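**Q** Predicted model, plus sequence, below.
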Amino acid sequence: MKDVTFTVFMQPKGKARHRTANGRTYTPSKQVRWESQFALMASQFRPLEVMGGPLHVEIEAVFDRPKRLLRKKDPSGLILHDKKPDIDNIMKSVCDALNGTGWWRDDCQVATCAVRKFYAEKVHSARLTVTIKELENAQG
């Protein structure tokens, strides 16, 4: 079994809704750019072989801390993030970015997941830490 953990230093992003124009459905260009940039930065950590079977994906999404949380009385460590984007949309962005880039055959292999959102520590910036684990396929 392979386990891979990597960190990409960029602002997390939730998956944008598809748009429709002139009878065509498309993904907004900002979303396409974010996914391409994330996939490029993550590619240096990709295992040599495509991950097979059921997978577990963990994502720690750390957002830049807003000014309102930079006061002296505010904690210096991570703070739970309770604003948009939703964790399911962060998961979709990351999985869609890695889909078709040699990490796995298809993101339908993701059988279990965990996503956590935080504001960054006072001295750090935005990042995404992703762990992908191959799971044993339990036989009934």
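**A** Everything's here; your move.

**Q** hey, let's count contacts and neighbours off CA atoms from now on
**A** Will do.

**Q** for residue 132, phi and psi?
**A** The phi and psi values for residue 132, taken as degrees, to the nearest 10, are phi -120, psi 130.

**Q** Tell me what it is bridged to.
**A** On the basis of DSSP bridges, residue 132 is bridged to residue 4, residue 57.

**Q** Same check on residue 20?
**A** Applying DSSP bridges, one finds that residue 20 bridges with residue 25.

**Q** Neighbours of it, how many?
**A** Per other Cα atoms under 10 Å, the neighbour tally for residue 20 reads 11.

**Q** how far away is it from residue 26?
**A** Distance, residue 20 to residue 26, using Cα to Cα, to the nearest Å: 6 Å.

**Q** Am I right that residue 85 is in contact with residue 11?
**A** No: contact criterion Cα atoms under 8 Å: residue 85 and residue 11 do not qualify, at 11.4 Å.

**Q** can you map out the strands along this protein?
**A** Taking DSSP state E as the test, the strands found in the chain are 3-8, 19-21, 24-26, 55-63, 79-80, 110-119, 127-134.

**Q** So what angle separates the directions of the longest one and strand 127-134?
**A** Between strand 110-119 and strand 127-134, the angle comes out at 160 degrees (axes from the mean of the first three to the mean of the last three Cα atoms, to 10 degrees).
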